[in-house]
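Enquirer: Provided below for reference: sequence and predicted model.
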Amino acid sequence: MAKKKEKVEKVKKQKEHKPGYLKEVKGELKKVTFPSFKEVMKYTLATILFCVVLVGFFLLLNLLLSGLKGMF
């Protein structure tokens, strides 16, 4: 009987812990810093430039390999 009561009390304590969890989440979200517009634009342009470079690389590779294939 005593073990059963201990189990029930333990479960109640775990249920009471949830509001603390939400407070911790709120506290962590307050620490989040969002990038400025300038930073977003800088990283967007860097991403687009990287994609253009990759497209050019694979285009040249495709042309080179198709030219080699035509030779044989």
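Expert: Thanks, I have the structure now. Numbers count the residues shown, from 1 in each chain.

Enquirer: any idea how far stretch 60-72 is from the chain center?
Expert: 38 Å (Cα atoms, centre = their mean, to the nearest Å).

Enquirer: what are the C-alpha coordinates of it, in CSV please?
Expert: Output in CSV follows, covering the C-alpha atoms of stretch 60-72 (Å, rounded to 0.1, in the frame of the first residue of the first chain):
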residue,chain,number,x,y,z
LEU,A,60,30.7,22.9,-67.9
LEU,A,61,31.2,19.3,-66.6
ASN,A,62,28.2,18.2,-68.6
LEU,A,63,29.4,19.8,-71.8
LEU,A,64,32.9,18.4,-71.3
LEU,A,65,31.6,14.8,-70.7
SER,A,66,29.1,15.0,-73.6
GLY,A,67,32.0,16.2,-75.8
LEU,A,68,34.1,13.2,-74.7
LYS,A,69,31.3,10.8,-75.3
GLY,A,70,30.8,12.2,-78.8
MET,A,71,34.5,11.5,-79.6
PHE,A,72,34.2,7.8,-78.9
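
Enquirer: go through the chain and flag its longest helix.
Expert: Ranked by number of residues, the top helix in the chain under DSSP state H is helix 37-71.

Enquirer: where does the prediction get shaky in this structure?
Expert: 1-3, 11-19 (pLDDT under 70).

Enquirer: at 80 what do you get?
Expert: Flagging of the chain using pLDDT under 80 yields the residue ranges 1-19, 72.

Enquirer: ok, how many other residues are close to Leu65?
Expert: Residues lying near Leu65 (other Cβ atoms under 10 Å) number 10. (Glycine included, C-beta is placed from N, CA and C.)

Enquirer: scratch that, Ser66 is what I was asking about
Expert: 9.

Enquirer: just Asn62 next, same as before
Expert: A total of 10 residues lie near Asn62 under the criterion other Cβ under 10 Å.
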